[in-house]
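Enquirer: any chance you can model this:
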Amino acid sequence: MSVLKPYGTLLVYFVFFVMVIVLYNKYSESFSSNRRIIVITPTYRRITRMPDITRMSNTLKQIKNLHWIVIEDGEELVPAVQNVLERSGLPYTYVTHKTAKGYPAKGWYQRDMALKMLRTNSSQILGNHKGEAVVYFADDDNSYDLRLFDDFIRNVKKLGVWAVGLVGGTIVEAPKVENKKVTSFNVKWEPSRPFAVDMAGFAINLKYILRSAAVFGPKCHGSGAPETCLLEKLGFELDDIQPFGYEKEEDKEILVWHTRTSIPKSGISVEDDFGYFVEVG
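Expert: Residues are numbered from 1 along each chain as shown. Predicted coordinates for the structure are as follows:
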């Protein structure tokens with residue numbers, strides 16, 4: 001018996017260790033699925049804005065545990081946009097921040113204001129939610145597969161990246177992945193960028209945003225890409241990237257497309273709106 005006793009003790013320790021691993025895995029899965037998604041969308045007055053944001057609303061309202069921050073590039077809120085947000089049933093924040101002098105009119109300033117808002121009001125945006133959150137910058141004219149949010153974004157531990165279709169002058173931009181690690185980026189525009197990703201192609205765990213005061217800023221030295229500027233300012237390195245959607249050799253799926261609603265070449269008559277609300281840029 002005295003000889004078997006040490007083995008019995010080891011067996012107890014082994015069983016305890018296995019139980020800890022099982023519980024940890026279950027807790028990790030539950031914690032991941034409980035992450036809130038915070039979508040940041042800059043928007044501005046234009047004739048195609050209402051169909052764009054309506055389509056986006058119809059996508060986002062199907063995602064659970066999501067807060068939508070919409071920042072208007074203007075002096076006042078637009079009731080028609082607010083009505084779309086209300087009808088979505090999503091918790092949302094709708095504010096105005098007209099582009100400041102020195103910033104390009106490309107949504108950089110609005111995204112910066114959203115980041116500052118998160119750092120000062122994150123508890124208000126998270127509400128009673130106890131888990132982590134992931135921040136995603138989503139333009140209102142892109143096309144989003146529902147799986148992007150639950151399969152990719154919600155599972156971002158630090159910095160997640162994935163492919164984006166119809167961007168950078170090519171059919172698809174995507175991270176190059178070797179042994180589950182991102183080694184470079186398959187892009188044509190400015191391939192030397194340290195983080196050669198499109199705005200729609202990455203998401204950041206909120207805790208890394210809250211630890212920093214980093215913003216996009218009015219200028220980006222070098223390539224001029226705001227994505228690279230922000231990710232470098234946040235202190236990320238290539239090894240921090242968590243790639244998604246790369247696993248298959250062929251027929252990999254694109255879950256977000258950099259689309260744009262275009263006006264017919266023949267133009268649109270705006271002489272009479274017949275009493276309907278329309279926006280003319």
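Enquirer: what ranges do the strands span in the stretch 51-200 of the chain?
Expert: For the stretch 51-200 of the chain, the strands defined by DSSP state E, counting those that start in this stretch cover 66-72, 92-96, 133-137, 143-144, 159-161, 164-167, 170-178, 181-186.
Enquirer: mean neighbour count added to these, as JSON lines?
Expert: Placement of C-beta: from N, CA and C, glycine included. Shown next, in JSON lines, are the strands of the stretch 51-200 of the chain (neighbours: other Cβ atoms under 10 Å):
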{"stretch": "strand 66-72", "mean neighbour count": "23"}
{"stretch": "strand 92-96", "mean neighbour count": "17"}
{"stretch": "strand 133-137", "mean neighbour count": "25"}
{"stretch": "strand 143-144", "mean neighbour count": "20"}
{"stretch": "strand 159-161", "mean neighbour count": "24"}
{"stretch": "strand 164-167", "mean neighbour count": "22"}
{"stretch": "strand 170-178", "mean neighbour count": "17"}
{"stretch": "strand 181-186", "mean neighbour count": "16"}
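Enquirer: those strands: which one's closest to Leu238?
Expert: strand 181-186 (6.1 Å; Cβ to Cβ).
Enquirer: now do the next helix or strand after that closest one: which elements does it pack against?
Expert: As assigned by DSSP states H and E, the chain's next helix or strand after strand 181-186 is strand 202-205. Using 3 or more Cβ pairs under 8 Å, 6 or more residues apart in numbering; DSSP states H and E, the elements in contact with strand 202-205 are strand 133-137, strand 159-161.
Enquirer: can you name the residues in contact with the last one?
Expert: Around strand 159-161, the neighbours that count as contacts under Cβ atoms under 8 Å, 6 or more residues apart in numbering are 134, 152-153, 175, 182, 197, 201-205, 208, 231, 236, 240-244.
Enquirer: show me just the buried residues among these.
Expert: Among the contacts of strand 159-161, those classed as buried by 16 or more other Cβ atoms under 10 Å are 134, 152-153, 175, 182, 197, 201-205, 208, 231, 236, 241-244.
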